[in-house]
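# okay, structure incoming, though there's no sequence with it:
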DNA sequence: CACTTCAGATGACACCGTCAACTGTATGCT
DNA sequence: AGCATACAGTTGACGGTGTCATCTGAAGTG
């Protein structure tokens, strides 16, 4: 039969991936409380100590998930932005709804994305050099910034370079607020007579220059 | 000397208050991780089991803090709103900055305010009837709604009843997003060439009818 | 006075993150 | 080839945590 022919590095990489996937699944299912190093290891087919060969601590594991997610979202916005068939107003709406959609579909993951950048103080000595420099939070921060740059480009395409930054900040923070209040249950659509989608439409309309296609 | 003359109910109420204060202090100092039932009890002068005489579980304790905080914020907005010396545009700005200020000054408390309404499933049997009905989350939700109603009145005073709800939702979610991104460190004022205060000003200007005082 | 109620104390349990020490195997060097 | 090393993974252990059942003693009540 086909020999598996896995090198040790490949096996380790596979375990690391399995750990990340298991943690992400647990996060989706039961929130951060449900993500336990032991259970993550078990779902990845290893025992409780093994995850510490790949991540300095539990926080680094979660931060790695945040980094990957920011990277994915940034790529999605980039794909939207470089699709020439899409009008820019629609592109902007899609980008905003993309973020809000993560908040709706994966609320726990969304909250992880906007966690305070973690302190790098908790690294134990064994892995301080093993897992490289404490670039863990840096990776997440970098990926988040890449998303913001992509988003900024979307805004600039619609509202011009001059207004892009201030409008971008307004749109991004607003979208984040919409997502946050929706997932925390504080955005009662009956009380406010509006929906997240309507709010996004209003925002985009506010910053769209006159004469642009809607 | 003056006899303390404390009835049992008074003593219990004092303990409850001490527990809430201790928990709030720990939350401010070290975030939710630092809020441990044991330490809360110790700071309130009781042992680890005592808090369970006043709160069904740790979550109920935190939810009670959220309820009290929402209540305080609602009162502050009410005071702003019913101050006749203040123009309505300033009132609105102050209300928005009030929320954002909590996020800046007490980030952990702020995040507690926007936590998903807790599940009432975890109540143990002893206190299920003891601590009354599981009205704990209901109190927090009610206080949060009172804040929203006060805020809605502020918006209505400036933008009129007709637009109040849609504008209110936009302003409230945006302010929440500004606070959230600022406290998570994702709002780089250098990158975006703007500040939370400027964003608030822009928002208020956007919904202010022409001819109103700024 | 006896009796009840209940805030608080205490022992116990399961679970958690984390580390030190150990084991076995794949890798690299001679 | 054979040997030494690196290192992914295991295991035992420790301190800490939320929570409960049980107990205790003092404040309230008839």
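Yep, that arrived. Predicted, not measured: the structure shown is a model, and the values here were computed from it.
# state the distance from whichever residue of chain A sits closest to chain B to DNA strand C.
Nearest residue of chain A to chain B (Cβ to the nearest Cβ) works out as residue A:177 at 2.6 Å. Quick note: C-beta positions are derived from backbone N, CA and C, even for glycine. From residue A:177 over to DNA strand C the distance is 30 Å, taken as Cβ to the nearest atom of the strand, to the nearest Å.
# what's near enough to touch that residue?
Residue A:177 makes contact with B:172-178, B:180 under the criterion Cβ atoms under 8 Å, 6 or more residues apart in numbering or on different chains.
# chain neighbours aside, what residue packs nearest to it?
Computed as Cβ to Cβ, 6 or more residues apart in numbering or on different chains, the closest residue to residue A:177 that is not its neighbour in sequence is residue B:177, at 2.6 Å.
# can you tell me which residues in chain A are near DNA strand D?
Chain A has residues A:8, A:11-12, A:15, A:41, A:46-50, A:53-54, A:130 near DNA strand D, with proximity defined as Cβ under 7 Å from any atom of the strand.
# what is the least confident helix or strand in chain A?
Across the helices and strands of chain A, the lowest-confidence element by mean pLDDT, DSSP states H and E is helix A:125-130, at a mean of 45.
# so residue A:112 is in which element?
Residue A:112 is part of helix A:107-113 when elements are defined by DSSP states H and E.
# got it, and residue A:96?
For residue A:96, the element it lies in under DSSP H and E is helix A:88-105.
# any regions of chain A where pLDDT drops low?
Counting by pLDDT under 70, chain A contains low-confidence ranges at A:1-5, A:118-136, A:211-214.
# just the helices in it please.
Under the criterion DSSP state H, chain A contains helices at A:8-34, A:37-43, A:58-81, A:88-105, A:107-113, A:125-130, A:136-183, A:189-192, A:196-207.
# filter the residues of chain A next to DNA strand D to the buried ones?
Among the residues of chain A next to DNA strand D, those buried by neighbour count (16 or more other Cβ atoms under 10 Å in any protein chain shown) are A:15, A:41, A:46, A:50, A:54.
# how near is the first one to residue A:47?
Between residue A:15 and residue A:47 the distance is 12 Å, computed by Cβ to Cβ, to the nearest Å.
# got a list of what residue A:81 touches?
With contacts taken as Cβ under 8 Å, 6+ apart, residue A:81 has the following neighbours: A:91, A:95, A:150, A:153-154, A:157.
# tell me how far the closest residue to DNA strand D within chain A lies from residue A:40.
Among the residues of chain A, residue A:49 lies nearest to DNA strand D; the distance is 2.7 Å by Cβ to the nearest atom of the strand. Going from residue A:49 to residue A:40 by Cβ to Cβ gives 12 Å.
# cool, and residue A:93?
According to Cβ to Cβ, residue A:93 and residue A:40 sit 37 Å apart.
# show me which of those two is the more surrounded one.
Neighbours were tallied for residue A:93 and for residue A:40 using other Cβ atoms under 10 Å in any protein chain shown; the higher tally belongs to residue A:40 (27 against 22).
# residue contacts, that one?
Neighbour list for residue A:40: A:19, A:22-23, A:26, A:51, A:61 [criterion: Cβ under 8 Å, 6+ apart].
# so what touches stretch A:93-108?
Stretch A:93-108 has contacts (Cβ under 8 Å, 6+ apart) with A:27-28, A:30-32, A:69, A:73, A:76-77, A:80-81, A:86, A:109-110, A:113, A:150-151, A:154, A:171, A:175-176, A:178-180, A:182-183, A:196-197, A:200-201, A:203-204, B:116.
# circling back to that earlier point, which of the contacts of residue A:81 tops the neighbour count?
Highest neighbour count within the contacts of residue A:81, by other Cβ under 10 Å: residue A:95, with 26 neighbours.
# for PyMOL, what selects the buried ones among the contacts of stretch A:93-108?
Here the buried members of the contacts of stretch A:93-108 are turned into a PyMOL selection, burial being counted by 16+ other Cβ under 10 Å:
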select buried, chain A and resi 27+32+69+73+76+77+80+81+109+110+113+150+151+154+171+175+176+178+179+180+182+183+196+200+201+203+204
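# can you list the domains in chain A?
Partitioning chain A according to automatic domain parsing yields domains covering residues A:7-54, A:63-207.
# just give me how far the first one sits from the chain centre.
Taking the mean of its C-alpha atoms, domain A:7-54 sits 19 Å from the chain's own mean (Cα atoms, centre = their mean, to the nearest Å).
# do that domain and DNA strand C meet at all?
Yes: where contact is defined by Cβ under 7 Å from any atom of the strand, part of domain A:7-54 touches DNA strand C, namely A:7-9, A:35-39, A:48-49, A:52.
# so who does residue A:196 touch?
Residue A:196 makes contact with A:100, A:104, A:178-179, A:182, A:187, according to Cβ under 8 Å, 6+ apart.
# skipping adjacent residues, who's closest to it in space?
Spatial nearest neighbour of residue A:196, chain neighbours left out: residue A:178 (5.0 Å); criterion: Cβ to Cβ, 6+ apart.
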